[in-house]
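In: Turn this into a structure:
(chains A and B)
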There are 2 protein chains.
Amino acid sequence: MPKTVPNTFPRAYVRPEITALAGYVPGEQPSDPRVAKLNTNENPYPPSPAVRRAISDACERLHLYPDPTAREVRERAARLYDVDPEGVIVGNGSDELLTLLMRAVIAPGDAVAYSTPTYSLYETLVPLQGGVRVRVPYGPDFAIPEELFSVDARMVIVCNPNAPSGTSVPRRALERLAEARRDVLLIVDEAYADFADENATSMGSRHPNVVVLRTLSKSYSLAGLRVGIGITTPALAAELNKVKDSYNVSRLAQAGAVAALDDQESMLAHVARVRATRARLSEGLVALGYELPPSQTNFVLARRPGRSLLPVKEALQSRGILVRYFPELPDALRITVGTDEEIDRLLAEMRTG
Amino acid sequence: MPKTVPNTFPRAYVRPEITALAGYVPGEQPSDPRVAKLNTNENPYPPSPAVRRAISDACERLHLYPDPTAREVRERAARLYDVDPEGVIVGNGSDELLTLLMRAVIAPGDAVAYSTPTYSLYETLVPLQGGVRVRVPYGPDFAIPEELFSVDARMVIVCNPNAPSGTSVPRRALERLAEARRDVLLIVDEAYADFADENATSMGSRHPNVVVLRTLSKSYSLAGLRVGIGITTPALAAELNKVKDSYNVSRLAQAGAVAALDDQESMLAHVARVRATRARLSEGLVALGYELPPSQTNFVLARRPGRSLLPVKEALQSRGILVRYFPELPDALRITVGTDEEIDRLLAEMRTG
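Out: The predicted structure is shown next:
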């Protein structure tokens, strides 16, 4: 390896706003397959077998650029969600769609409001774009706080169902917010909606000020493929397309997404298993003395109000079970709904621990 | 399909700087396999067979998020280019790396300088970030213009070998520019370097102010997979990582990239074929009266000074051969080096046309 230059000077080329940022810290991704990964809300079941075949077929034309408009994915999504395909935009994960929205909408100093605790990536993306974070704390019931109806902002984000609480607000509440706040762009982040009793996806096409985000990472078991889907109006989709890289979704991601969306049966079967295991996990944790907001997702937030759960997290980790601990929520652990075997192992360890 | 909202109002939520942009227009991507696609500089040969196997294996764990640091790809690239893996960053195509660089370095009003004609994406990305484009025209020899040594800018981009001219400047010239311009971040976009007689890739690790961009799209025949590689200092890579989405490179892209980088033999064999066909294509075009700057890429720029080649482009298109025409270079066509058969067909059509 050649001698490299000193390690600090190159930062001078970077904007001070960026050097001042800490950057987003994703959950751990261990390579040991014996570890029970209950920390990043992945689906424990495999994707539709049709996905692998579609990806293998798509390898035939890997030397050619992908469709920059991801037309086939948009058409499948439009049919599924009963919306206009021209209002659908496909991203390299829904994280990329959040980034595109920030870049298209937020100018330096613009406020982005959201209720906390929520998906911590928002905390990273807003200052990255020079925006100002406005955090409106959730009450104990995790309903939409009244303050979101009046807060001064250019964008409001509602993660629904919400992470890390697992709770959801009714579609009617979101409709009311969208109607009341025609002055802001409302982002409804529905990453977990397939695990919930209802969704608000079609709102994206019915309101001029709403974008709904979906992902194939969770319910479709495709976190490793990176496909997110945005539903909005054709006019707003056209503006977002100006900000996105032309070839942002690979041939393999497009082919896999089409196959996954075409196999609703496989997705729904896995969602049903996760929901059943979620009920077992919730009962087991309540029996152990934990408090749980009702989960509409593939994870639960287990709380012991006033007591730090860092030792529990570390004890589990030492026994090969990863759960998510957030320093800002020290009396809670976010636990992904794994397989029944993983959940049995977790509950057994928590009982003895 | 539900009734959707009017088509124009949603643009009000978007920043005026974005609505004013036209957006980048990529080359056409026809789905008819009989079309000779000589318009977007794809490699006509398939990627290493190991890529498909690696992708198929990676499908086993598609329900899990990918490694956010793309460690294995970085290690392979670091060994290949003899640089520090901590200074390597992997992107969803090198286009994404360009976007990350703009976001990390360019504040509103900052100037980005580059010689023209060059990769037209720079023209889109700079105003997207609120930067100012400074175009320094190439002379007829396509050497680095003297003005780049003094132009007031925060970032200078040199595409080398350059598109659409196909020409390259010597590594020593780039070293001189990097030494002379410690006040700017110098981006050396080496998308086509594997088709050239030399490259400057290791410069990225030896200068505090240089980032070199490579891609697997061209020489490795993986335009459909979306993998770009940036080589810089560890300090600058750390800042760029703050701007990138955590999971920007899918499991399939990482697995395919590792397999491709591990099979240099396959890549080099295809590059050798392209270079041989490039010589034949160049001779054929010269015999037809075209002027060609010497190409170090997988395409040639065929010129008829003072004469519009739009009719030639359209005549070829009507016979199922796509080449690239740029309105700002009306007396030129950019022609990708396809297979020998495709080039024979092209030359035959041009002779009779």
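
In: For stretch A:104-117, buried residues please.
Out: Applying a neighbour-count criterion of 16 or more other CB atoms under 10 Å in any protein chain shown, one finds A:104-106, A:110-117 buried in stretch A:104-117. C-beta: built from backbone N, CA, C; applies to glycine.

In: For that stretch, what does the pLDDT average out to?
Out: The pLDDT scores in stretch A:104-117 average 97.

In: Also stretch A:156-169?
Out: When pLDDT is averaged along stretch A:156-169, the result is 98.

In: Would you mind measuring the gap between the ends of it?
Out: Start to finish, the residues bounding stretch A:156-169 are 15 Å apart (CA to CA, to the nearest Å).

In: And stretch A:103-119, by the same measure?
Out: 19 Å.

In: Of the buried residues of stretch A:104-117, which are in range of chain B?
Out: A:104-106 (CB under 8 Å from any CB of the partner chain).

In: In TSV, list the residues you listed along with secondary structure.
Out: Formatted as TSV, those follow (DSSP: H, G, I helix; E, B strand; the rest coil):
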residue	secondary structure
A:104	helix
A:105	helix
A:106	coil
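
In: Would you mind checking which of those residues is nearest to chain B?
Out: Proximity of these to chain B (CB to the nearest CB) peaks at residue A:104, which lies at 5.1 Å.

In: Isn't the closest one up against residue A:239?
Out: Yes - contact criterion CB atoms under 8 Å: residue A:104 and residue A:239 qualify, at 5.6 Å.

In: intersection of neighbour lists for the two?
Out: Taking CB atoms under 8 Å, 6 or more residues apart in numbering or on different chains as the contact rule, residue A:104 and residue A:239 both touch B:14, B:18.

In: Show me which of the buried residues of stretch A:104-117 is closest to residue B:138.
Out: Lowest distance from residue B:138 to the buried residues of stretch A:104-117 (CB to CB) belongs to residue A:104, with 33.1 Å.

In: touching chain B at all, stretch A:266-282?
Out: No - if you take CB under 8 Å from any CB as the test, stretch A:266-282 misses chain B, and the best it gets is 9.4 Å.

In: and that stretch, average pLDDT?
Out: Here the average pLDDT along stretch A:266-282 is 98.

In: In it, which residues are buried?
Out: A:266-267, A:270-271, A:273-275, A:277-278, A:281-282.

In: Now tabulate those residues in CSV and tack on secondary structure and distance to residue A:140.
Out: Output for the buried residues of stretch A:266-282, formatted as CSV (DSSP: H, G, I helix; E, B strand; the rest coil; distance: CB to CB, whole Å):
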residue, secondary structure, distance to residue A:140
A:266, helix, 37
A:267, helix, 33
A:270, helix, 32
A:271, helix, 28
A:273, helix, 30
A:274, helix, 26
A:275, helix, 24
A:277, helix, 26
A:278, helix, 21
A:281, helix, 21
A:282, helix, 18
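
In: who's in contact with the closest residue to residue A:93 other than its chain neighbours?
Out: Nearest residue to residue A:93 in three dimensions, chain neighbours excluded: residue A:226, at 4.3 Å (CB to CB, 6 or more residues apart in numbering or on different chains). Residues in contact with residue A:226 (CB under 8 Å, 6+ apart) are A:92-93, A:96, A:217, A:249, A:253, B:66, B:247-250.

In: between the residues you listed, which is closest to residue A:53?
Out: Looking at the contacts of residue A:226 and their distance to residue A:53, the nearest is residue A:253, at 15.1 Å (CB to CB).
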